[in-house]
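> take a look and give me a structure for this.
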Amino acid sequence: MTRDKTLTGIALMLVFCLLAPLLDASAKLATDAIPVGQITTARFLVQGALMLPVALVLRLGFGLNRRAAGLLALRALCLIASTYAFVAGTKVMPIADALAIVFVEPFILLILGHFLFKNAIGPRRIAAAVVGFAGVLLVIQPSLTLYGTVALYPLATAFLFAFYMLITQSLGPGTHPVMQQLYTSIFGGLICLPVMLLADGSGLAELDPVWPQGLFWLWLFGVGFWAAVSHMSMTFALKYAPASTLAPLHYLELIAAVAVGYLIFGTFPNLLTWAGIVVIVGSGLYVIYRERVTGQQARAALPAEI
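Numbering: from 1, shown residues only. From the prediction side, this is the model:
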């Protein structure tokens, strides 16, 4: 890749890190009057409506085989559950605290990849994962005291998103990333809408839909809009720059989340949460570094081309 393309990829990744917390902020604002299930549904409906024109402009094919359709439906189910858990968590927790817990996902992915796909991981990366989990405990412990078991919801998000990533890997390169997002939105809407219809009038606090008033229409639209724009930024960032270059930048999303939480909600992490964030980020960066070293060693071991 040329230097200019790599810089474009880095710029797009920074856009993702800046915009993704706005999705979380929109969802948190909406929870003041809108059930969590309805917010989750809005994400998929709005995101799908925005992604469809992109797919049409790019003239991407809409064909799906049975295997891909099944994986995309399962992928959507994981994203529905992870979105629901995160929104339910941020309803009472600061965004930065919840996101810090979610950032344990790379360690979960590392371990699941080892057991499910026999991916090789050395003792150093295992140790980094353990340290990363310890960092999460630093964030969760005071949150459990303040918010109760709701503080565990972001941890559920991390596990569910790890499965989402594993399913994405299983899809392989055959499905364009834009179409993956569109299909996930379509399947997500098809799963969520019947649930909302069945829950209508049920009195279930987090599922029984309500008619939004005033700015709450904007917050619901914002959930889907920022999801579409931020994830499109990441999709095209990966097109222009290698994942190994972009992965460390992802942690800037935490800094953006702290800023958004402070500016919109007046929340700021305490010292124990900051300590946990530092441990999680440090461990994550070390895992990325070890993956680079392992990749370089594997390439060096390959026989030279004749």
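
> what's the burial count for the residue lying closest to residue 188 once chain neighbours are set aside?
Spatial nearest neighbour of residue 188, chain neighbours left out: residue 44 (3.3 Å); criterion: Cβ to Cβ, 6 or more residues apart in numbering. (Each C-beta comes from the backbone N, C-alpha and C, glycine too.) For residue 44, the neighbour count with other Cβ atoms under 10 Å is 26.

> where do the helices sit along this structure?
Using DSSP state H, the helices found in the chain span residues 3-30, 36-57, 66-90, 95-102, 105-117, 123-147, 153-171, 177-199, 216-240, 243-246, 252-260, 271-301.

> rank these by pLDDT, which is bottom?
Lowest mean pLDDT within those: helix 243-246, at a mean of 72.

> show me what contacts the residue nearest to residue 188?
76, 80, 184-186, 188-189, 192, 224 (Cβ atoms under 8 Å, 6 or more residues apart in numbering).

> could those go into TSV alongside distance to residue 132?
Shown next, in TSV, are those (distance: Cβ to Cβ, whole Å):
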residue	distance to residue 132
76	28
80	26
184	27
185	31
186	34
188	29
189	34
192	32
224	31
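
> are any of the residues you listed buried, and which?
Those of the contacts of residue 44 that meet the buried threshold are 76, 80, 184-186, 188-189, 192, 224, by 16 or more other Cβ atoms under 10 Å.

> pull out the buried positions in stretch 8-16.
8-10, 12-16.

> what of stretch 270-288?
Buried, per 16+ other Cβ under 10 Å, within stretch 270-288: 273-274, 276-277, 279-281, 283-284, 286-288.

> would CSV of the residues you listed with distance to residue 217 be doable?
Listed next are the buried residues of stretch 270-288 as CSV, based on distance: Cβ to Cβ, whole Å:
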residue, distance to residue 217
273, 33
274, 36
276, 36
277, 34
279, 40
280, 35
281, 36
283, 41
284, 37
286, 44
287, 41
288, 40
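
> hey, which of the helices of the chain is tucked in deepest?
Sort the helices of the chain by mean neighbour count, taking mean count of other Cβ atoms under 10 Å, and helix 95-102 sits at the top with a mean of 28.
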